[in-house]
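In: Predicted model and sequence follow; I will ask about them next.
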Amino acid sequence: MTSFLDSRLAHSGTGEEGIAGAAGEEGPVGAAVVAVVGPAGVGKTALAVHWAHQVQERFPGGQLYVNLRGPEHEQPTTPEEALDDLLRTLGVPGEKIPFGLGARAELFRSLLAGQRVLVLLDNAHLPEQFSPLLPDSPGCAAIVTSRSSLSGLRANGTRTVPLGRLAPAEAVALLREGIGAARVDAEPAAAEELARLCDHLPLALRVTARQVSTSPDVPLSDLAEELTKVRGREDVVAAGEAETAGARAAFVWAYLSLPAEARGVFRLLGLHRGPDISEGAAAALAGRPPARIRELLDVLVGSHLVEEIAPGRYRSHDLLRRYASEAAAEIPEPERAAAVERVLTWYVHTADAAVHTFSPMGLRVPLGDADLGLAPLAFDDRVQALGWCAAERANLVTATHHAAQCGQHVLAWKLPAVLWDFFSMHGHITDWVTTHEVGLASARHLGDKRAQAWMENNLGNAYRGLGQFDEALRHFHSALANSEATGNHQGEGWTRYNLGNAYRELGRFAEALNHLRQALIIGRELGERWSEGYTLNMIGDSYRCLGNFDEALRHLLPALVANREMGHRRGEGFTLTMIGDTHRDRGRFEYALNYYEQALALRREIGDRRGEGVTLESLGDTCLELRQFGQAREYYQQSLTIRHETGDRRGEARTLFGLGAVKAHLGSPGEARASWQRALAIFDDLDDPQAARVRARLEKLGA
């Protein structure tokens, strides 16, 4: 295969330079971009990956890969999702990835500035899907593969390399690599016929070569006749598109040669909508033990109908996915529905086990028993559980949509509800919002007000984190109405806590305390210690903001005790910072600094990046009041970096305000004005009342 790809690479493209020259070592100003275009099955991805491997030394900054899951997939990769993956690959923690396409693209390109990095964007559909993913720095390069012509990109300096079917001699050469030179040389005419029946498509030729190699004693002419019969069947020709008829014939031939049980598994794989599938999910889908499903998947891998991309993880080429989906129509409808329900249920229960492993406190979705003859995975520790969620994230998002589409509405709301903690902790805000919108629609379809309240609480928290308080409050009030209407005392307490937190952030402390006091009563009645700790934090901070420091500490100190007794370290860091804020506001700076230092060390230890930004801002505020301007500036700068990277716009504006004050004290009015203007722009965009305070500072500076 390597020699074949080397030969094809040397002759790629319409110009003399081909791919290698188009993305050469010395590119034009800005990044070089090459689009490899052609029909399905011609080997665009294989060729692009092969070239990338050959030129690793040209890109010491590394190589990045994203499968954009083009038009064949029901859920193509959005630019926001692709940038999320790219940023994580570059080492950006999830909580530092900002929300929104523009902010993510800006961060991505800033990280590539001055680097020599190759970006491979595979299976793209339209320019708007991948344009935000293109690097813009000299020394970088991008290769885009697509079935579309992408003609609009030519005006932007992109070199397009068309890739078509192989020439007859090339197709025979590829067969020669797969089945051996002796057999091809012994029957050259039969080998040419096999290549023709495959339409000279590399994908079909590889599948056919594997099929031929399993019959070493059968003449090639007999095998060519057999493939001719398969291709000549009316149902194959009618069902397949003309440009891929040869590939389809090869697939049908390989499929019909499988043992019956392996054929059944291949058909069932056609029901799975995610980009890949694990052994565990395949076992649930097929209703077979993991050991047996592994054996059957090995058979499919051996036939080139499935590819093992990592240990225990499998995927297929888009054309094979389409064929498997069509083959799934042979399964009776009740069996199809049962298989889909099994795998979706397995995803929900395994996700619940994973999330409960790394986040054992808080509300847990009522799932009931998974009485479908399957066992969800169990996890030994936090790292393993988080790894599973990260590996399955795209499948879990797709499964949510699939559940709603096939009428499994209970699973469609429970899956995102289970995953909320994962999405929240790791900054997957796009997945958080989109899956919960699907879940909310399913809950409404069911008329399940408890489920609606669950979805709207989670959506409200997403929008609160984005600073969209009108939308957050709309969801919270709807959740409260649904909880009260169903007598859901726990749901009411949870929603009142969320409302109190939102009103606190808006500076509406009377409303905040009203909801928080009621949430505290409910939490204590239900014996939810974790809920009590959270709520005491919010009540204490509300009193601090009102200047009632004794009352603030009367709530915060018991919250600290509760968090420590429960081992709730994230909550402990939150409380330590709030206690420090209270001591700072009453002028007890040494106490404040002691609590902040404890909080900062803890938050860094557990990787609470967002919380670290909050504590750094508080440290900056304290040093500012102590007139330790150099130290204050250092803390603010660190906080500003974290706030910007995590998409915490309100926190970013607050930090900019403090940084402006430091610069004013240091005799740099121009820099102070720039910081305050940036803060004002954010506060105005968020309709935050703190804008008035910033405006007053700017007016005073101007005077």
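Out: Okay, I see it. Every value quoted in this text rests on a predicted model; they were computed, and no experiment measured them. Numbers count the residues shown, from 1 in each chain.

In: all contacts plus neighbour counts: C-alpha atoms, from now on.
Out: Fine.

In: I'd like the distance from the longest helix belonging to the chain to the chain centre, please.
Out: Taking DSSP state H as the criterion, the chain has its longest helix at helix 333-358. The chain centre lies 19 Å from the centre of helix 333-358; the measure is C-alpha atoms, centre = their mean, to the nearest Å.

In: and for the following helix or strand past it, what are the contacting residues?
Out: Later in the chain than helix 333-358, the nearest helix or strand by DSSP states H and E is helix 382-405. By C-alpha atoms under 8 Å, 6 or more residues apart in numbering, the residues outside helix 382-405 that reach it are 75, 273-277, 344, 347, 351, 354-355, 357-358, 379, 409, 411-413, 415-416, 422, 431, 435, 438-439, 442.

In: The residue lying closest to A224 once chain neighbours are set aside: what secondary structure?
Out: Nearest residue to A224, sequence neighbours excluded (C-alpha to C-alpha, 6 or more residues apart in numbering): L194, at 5.4 Å. Following DSSP: H, G, I helix; E, B strand; the rest coil, we place L194 in the helix state.

In: My read is that L194 contacts P219, right?
Out: No: contact between L194 and P219 fails when scored by C-alpha atoms under 8 Å: they sit 11.9 Å apart.

In: Comparing those two, which residue is more hemmed in?
Out: The residue with more neighbours, out of L194 and P219, is L194; 29 against 14, by other C-alpha atoms under 10 Å.

In: residues in contact with the residue nearest to R569 when sequence neighbours are not counted?
Out: Computed as C-alpha to C-alpha, 6+ apart, the closest residue to R569 that is not its neighbour in sequence is N563, at 6.9 Å. By C-alpha under 8 Å, 6+ apart, the residues touching N563 are 530, 533, 569, 571-572.

In: from those, which ones fall inside strands?
Out: Nothing among those maps onto strands, per DSSP state E.

In: Helix, strand, or coil at V36?
Out: strand.

In: what does I143 give?
Out: Classified using three-state DSSP, I143 is strand.

In: can you pull up the bridge partners for it?
Out: For I143, the beta-bridge partners under DSSP bridges are V34, L120.

In: re earlier: is the residue nearest to R569 within a helix or a strand, and which one?
Out: Secondary structure assigned from DSSP H and E places N563 in helix 549-566.

In: Just the CA atoms of that helix, as PDB, please.
Out: Provided in PDB are the C-alpha atoms of helix 549-566 (Å, rounded to 0.1, in the frame of the first residue of the first chain):
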ATOM      1  CA  PHE A 549     -20.300  40.800  57.600                       C
ATOM      2  CA  ASP A 550     -21.200  39.000  60.800                       C
ATOM      3  CA  GLU A 551     -24.300  37.500  59.200                       C
ATOM      4  CA  ALA A 552     -22.100  36.500  56.200                       C
ATOM      5  CA  LEU A 553     -19.600  34.600  58.400                       C
ATOM      6  CA  ARG A 554     -22.500  33.000  60.400                       C
ATOM      7  CA  HIS A 555     -23.400  31.200  57.100                       C
ATOM      8  CA  LEU A 556     -20.000  30.800  55.500                       C
ATOM      9  CA  LEU A 557     -18.200  29.100  58.400                       C
ATOM     10  CA  PRO A 558     -20.800  26.300  58.700                       C
ATOM     11  CA  ALA A 559     -20.600  25.800  54.900                       C
ATOM     12  CA  LEU A 560     -16.800  25.400  55.200                       C
ATOM     13  CA  VAL A 561     -17.300  22.700  57.900                       C
ATOM     14  CA  ALA A 562     -19.900  20.900  55.800                       C
ATOM     15  CA  ASN A 563     -17.700  20.900  52.700                       C
ATOM     16  CA  ARG A 564     -14.700  19.600  54.600                       C
ATOM     17  CA  GLU A 565     -16.700  16.900  56.300                       C
ATOM     18  CA  MET A 566     -18.100  15.700  53.000                       C
END
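
In: average pLDDT across that helix?
Out: For helix 549-566, the mean per-residue pLDDT is 93.

In: Now do the buried residues in that helix.
Out: By 16 or more other C-alpha atoms under 10 Å, the buried positions in helix 549-566 come out as 549, 551-553, 555-560, 562-564.
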